[in-house]
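build me a model from this:
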Amino acid sequence: MFKKILVANRGEIALRIIFACRELGIKTVAVYSEADESSLHVRFADQDICIGPARSSESYLNVPAIISAAEITGADAIHPGYGFLSESAYLAEVCEACHIRFIGPDPHVIRLLGDKAKARRAMKKAGVPMLAGSDGPLESEDKALKIAKDIGYPVILKAVAGGGGRGMRIVTAASELPHAFKTAQREAEAAFGVGDVYLEKYLESPRHVEFQILGDHHGNVIHLGERECSIQRRHQKLLEESPSVAVSDKLRRKMGGLVADAARAVQYSNAGTFEFLMDEKGSFYFMEVNTRIQVEHPVTEMVTGIDIVKEQIRIATGERLSFKQSEVTFTGHAIECRVNAEDPFTFVPSPGVIHAFSVPGGPGVRVDTAAHSECTISPHYDSMIAKVIAHGRDRQEAIARMKRTLEMTVVEGIRTTIPLHLRILNEPDFIAGRLNTHFMERYQPKVKAEPLADTA
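Numbering: from 1, shown residues only. As a prediction, this is how the structure comes out:
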């Protein structure tokens, strides 16, 4: 087992990793930017090192600074969390060269699956269902026009690198494609440094369903079921749940077995997520693999009872998986709401000082947060301030517990998306499980931001 792990992240995920390390008896090192000097992950780590100014490019994305911090403190492993450098094959390679263990997949696997065109080819070879589209990056507009004509409109252009909706364009007719092609390329180049794009058939009203897997270095891979992630805005998830109301036990076993086999085929180790679009007929189509821990991993932990972060750490030391597939059981239903520092009607960011912060607990409730009274929500980073997770015997009880928790939460000093989440939870379509990736279009901003309220 490792003696000391450097946590190359901030906020609630840094704390989450520190919790797991404490339970395993492992010392921790927190790295922080000048803006995060007073953060809780700095307070609760055994050691801490400032790695640069507030800008992410000069701190949390600064590989030399992170490696230096690990070497100075004698850390024998680095956990990247999610975001920032979590899917950086370069960081994983530098760790390897410096004899520091990277808690994640091997560098060659990150590179393979981080290139969406190569990932599509690898998954297709492994038997994972695909939407019709280009076999790789598009060389020209003419090639894009030919493929689009063959598979039929609408189609979607996607960046080979990166994600989050950047470098992505939906095309409904041939006349739109040349402009969309150039725009997607420019956006991909600006966002990821690589302008390559590929094309695939566009599903108009799909669900977004993903499967959590764990794999060790001995060829063992298991799945931990699926998460429904259809409620999202601008391709950023807002609310996730497990299990999905659209996935039967039989379909779960089939798709879980398929993704586990696909992970073995590319020699995947550590935690990962296989993301799919699901059409109205219940057919799945591969989107991408996230080679890291997910923001929404707590819903899977709540329904399986498996600590995914601890498993990540054990796997990285070379241990075998703690569970066999036959030992994984699913109990009840879990929902996660991402509470962001944003106006709930206009989605305008709301950084500032939180003057009061209280999230009630109670049966089946978990709160992952680094926020507290008198802390500052910085404009430099992601706006999420807390993840509230509710677990119940069934979906109805999970919804009731989530509503009760959010209604009794107090956040003073900034605006939050809690009112938005309560609106979603009360929607008849949500209650009935009638979800797709266009669900949030009904909440497009229609009014200007109101004056700052005392509570949210």
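
doesn't residue 241 make contact with residue 333?
Yes: at 6.8 Å, residue 333 counts as touching residue 241 under the criterion of C-beta atoms under 8 Å. For the C-beta atoms, the positions are set from N, CA and C on the backbone; glycine is no exception.

give me the more crowded residue out of these two.
The neighbour comparison of residue 333 against residue 241 (other C-beta atoms under 10 Å) goes to residue 241, with 29 against 23.

please enumerate the strands of the stretch 301-450 of the chain.
Taking DSSP state E, counting those that start in this stretch, the strands of the stretch 301-450 of the chain run over residues 333-340, 352-353, 356-358, 365-369, 376-377, 384-392, 410-412.

could you dump the ones you listed into a markdown table and include distance to residue 107 and mean pLDDT?
Putting these into a markdown table (distance: least, C-beta to C-beta, whole Å; pLDDT from 0 to 100) gives the following:
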| stretch | distance to residue 107 | mean pLDDT |
| --- | --- | --- |
| strand 333-340 | 30 | 98 |
| strand 352-353 | 40 | 97 |
| strand 356-358 | 39 | 97 |
| strand 365-369 | 29 | 98 |
| strand 376-377 | 34 | 96 |
| strand 384-392 | 28 | 98 |
| strand 410-412 | 40 | 98 |
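
count the neighbours of residue 180 for me.
Using other C-beta under 10 Å, residue 180 has 21 neighbouring residues.

phi and psi next, for it.
Here is the backbone geometry of residue 180 (degrees, to the nearest 10): phi -60, psi -40.

what lies in contact with the helix or strand where residue 144 lies?
Following DSSP states H and E, one finds residue 144 within helix 141-151. Helix 141-151 is contacted from outside by 132-134, 138, 155, 157, 171, 174, 177-178, 181-182, 199-201, using C-beta atoms under 8 Å, 6 or more residues apart in numbering.

going through those residues, which ones are buried?
Among these, those classed as buried by 16 or more other C-beta atoms under 10 Å are 133, 134, 138, 155, 157, 171, 177, 181, 199, 200, 201.

mind checking which of those land in strands?
Judged by DSSP state E, the subset of those located in strands is 155, 157, 171, 199, 200, 201.

where does the chain have low pLDDT?
Residue ranges of the chain with pLDDT under 70: 446-456.

grab the most central residue of it for me.
With distances taken as C-alpha atoms, centre = their mean, the chain has residue 294 as the residue nearest its mean C-alpha position (3.8 Å).

which SS class is it?
At residue 294 the chain is in coil, as set by DSSP: H, G, I helix; E, B strand; the rest coil.

wait, isn't it in contact with residue 212?
Yes: with contact defined as C-beta under 8 Å, residue 294 counts as touching residue 212 (7.3 Å).

joint contacts of these two?
Counting by C-beta under 8 Å, 6+ apart, the residues touching both residue 294 and residue 212 are 227, 273.

quick one: common contacting residues for residue 333 and residue 241?
Taking C-beta under 8 Å, 6+ apart as the contact rule, residue 333 and residue 241 both touch 395, 398.

domain map for the protein?
4-103, 132-201, 207-443 (automatic domain parsing).

now do the helices in this protein.
When assigned using DSSP state H, the helices of the chain occupy the ranges 11-24, 40-44, 63-73, 89-97, 107-114, 116-125, 141-151, 177-192, 249-265, 297-304, 308-316, 395-407, 418-425, 428-431.
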